[in-house]
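Colleague: Sequence and computational prediction follow.
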Amino acid sequence: MPEPSTPVISAEQVSQYEADGYLYLEDALTPQQVSDLRTVFDDWAEESRSHAGPYGETFDGRPRFDVEPGHTAESPGLRRIASPIEVSDVYLDAMRSNRALEAVTQLIGPNLRFRESKINSKLPGTATHLKYHQDFPFGPLSNDDLITVLFHLDEVGSDNGPLEVVPGSHKGPLLEHWHDGVFTGAVCPDIEAKARKRAVTCHGAVGSAYLMDARVLHGSAPNLSASPRTLFIVQYHAEDAHPLAPNHLPSRFDQEVVAGVATGRIRTSDYEMALPEMPTVASFFAVQAVKSG
Ligand SMILES: O=C(O)CCC(=O)C(=O)O
């Protein structure tokens, strides 16, 4: 790891993050990390061929490996791996040590905790997409210094289902993710339609990452190409932000201090929102599909 005196991001990049709510970081992972992470993922994708539906088990008893409807041995649709750090030391080590984590210390302070991790995979020809949402309403904390880091394990272009973000939306309100008494995990269609007009697509090289404020409105389209799109996604938050709702991607590493020290303090920020609902299915891909049509 570079010395603290060697900042990973410049003052301009910090200002850009504050204005837009997200930042692109090259070389967030080393080539060796990418290669190791990919090898483990490819084995999991291969293994998924022998399962007809979601399988494996997480900390809270839900399936760890989620496959999309239509998944078959011939045409596998592995779309989500919950908490891969619990079943792979390669993923655990990458969560604990990467350049994006150092950049996060520059953005929200030196003391950080880990919150959750997952892999979102869009294999070629799969239909899974993500409706627009903010991450914070899924897992409120006492303050909103929560950053989602999306690591690219594949090159991401405009047609393999890139992340779409709405610049500046982190400065707007926390939006409603409950509709007609149901936690859909998505904003309402009207808000999504307007947001899409302002959204930018997040392309990137293998090993790069996007750092995204958890209040940023975002989603992503299906993969229409012959190239996979695999993201390793990790959330880090300020050490003095304490959870106010159960973690929907729980793991035994939840709340691990991954940078700096434990201060024993609580800091609050001023916001109001509805409590989220814990999913009973394998992932929020399924929640969004079932509950918002
Ligand atoms: O996979 C993606 O493109 C977006 C990830 C995301 O927004 C999520 O999983 O909450």
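Modeller: Noted; the coordinates are in hand.

Colleague: The residue nearest the centre of the chain and the ligand, how far apart?
Modeller: With distances taken as Cα atoms, centre = their mean, residue 233 lies nearest the centre of the chain, 3.8 Å away. Computed as Cβ to the nearest ligand atom, to the nearest Å, the residue 233 to the ligand distance reads 6 Å. Quick note: C-beta positions are derived from backbone N, CA and C, even for glycine.

Colleague: OK, contacts around that residue?
Modeller: By Cβ atoms under 8 Å, 6 or more residues apart in numbering, the contact list for residue 233 reads 117, 118, 119, 120, 148, 149, 150, 151.

Colleague: one more time with 10 Å, if that's ok
Modeller: Counting by Cβ atoms under 10 Å, 6 or more residues apart in numbering, residue 233 touches 80, 84, 116-120, 135, 148-151, 163, 209-210, 212, 249.

Colleague: could you list every residue that touches the nearest residue to residue 169 once chain neighbours are set aside?
Modeller: In space, and not counting its chain neighbours, residue 169 is closest to residue 217: 4.0 Å by Cβ to Cβ, 6 or more residues apart in numbering. The contact partners of residue 217, by Cβ under 10 Å, 6+ apart, come to 21, 132-135, 164-170, 172, 175, 187, 191-192, 194-196, 198-199.

Colleague: go on, residue 241?
Modeller: Residue 241 makes contact with 108, 112-113, 115, 140-146, 266-269 under the criterion Cβ under 10 Å, 6+ apart.

Colleague: now, which of these lie close to the ligand?
Modeller: For the ligand, no contacts are drawn from those by Cβ under 6 Å from any ligand atom.

Colleague: Just to be sure, which of those residues are found in strands?
Modeller: 112, 113, 115, 146 (DSSP state E).

Colleague: which bits of the stretch 101-250 of the chain sit near the ligand?
Modeller: Of all the residues in the stretch 101-250 of the chain, those lying near the ligand are 120, 130, 135, 163, 218, 220, 231, 233, going by Cβ under 6 Å from any ligand atom.

Colleague: just curious, which of those is nearest to residue 36?
Modeller: Taking Cβ to Cβ as the measure, residue 36 sits nearest to residue 231 out of these, at 16.1 Å.

Colleague: just checking, what packs against the host helix or strand of residue 17?
Modeller: The secondary structure element spanning residue 17 is helix 11-20 (assigned by DSSP states H and E). Contacting helix 11-20 under the criterion 3 or more Cβ pairs under 10 Å, 6 or more residues apart in numbering; DSSP states H and E are the following elements: strand 22-25, helix 99-108, strand 209-213.

Colleague: Single out the most deeply packed of the ones you listed.
Modeller: Using mean count of other Cβ atoms under 10 Å, the stretch among the helices and strands packed on helix 11-20 with the largest mean neighbour count is strand 209-213, at a mean of 26.

Colleague: Which residue ranges of the chain form helices?
Modeller: Remark: helices of the chain, listed N- to C-terminal, are 11-20, 31-48, 89-96, 99-108, 189-198, 284-292; assignment by DSSP state H.

Colleague: What residues does residue 274 make contact with?
Modeller: Residue 274 is in contact with 137, 140, 174, 176, 177, 178, 183, counting by Cβ under 10 Å, 6+ apart.
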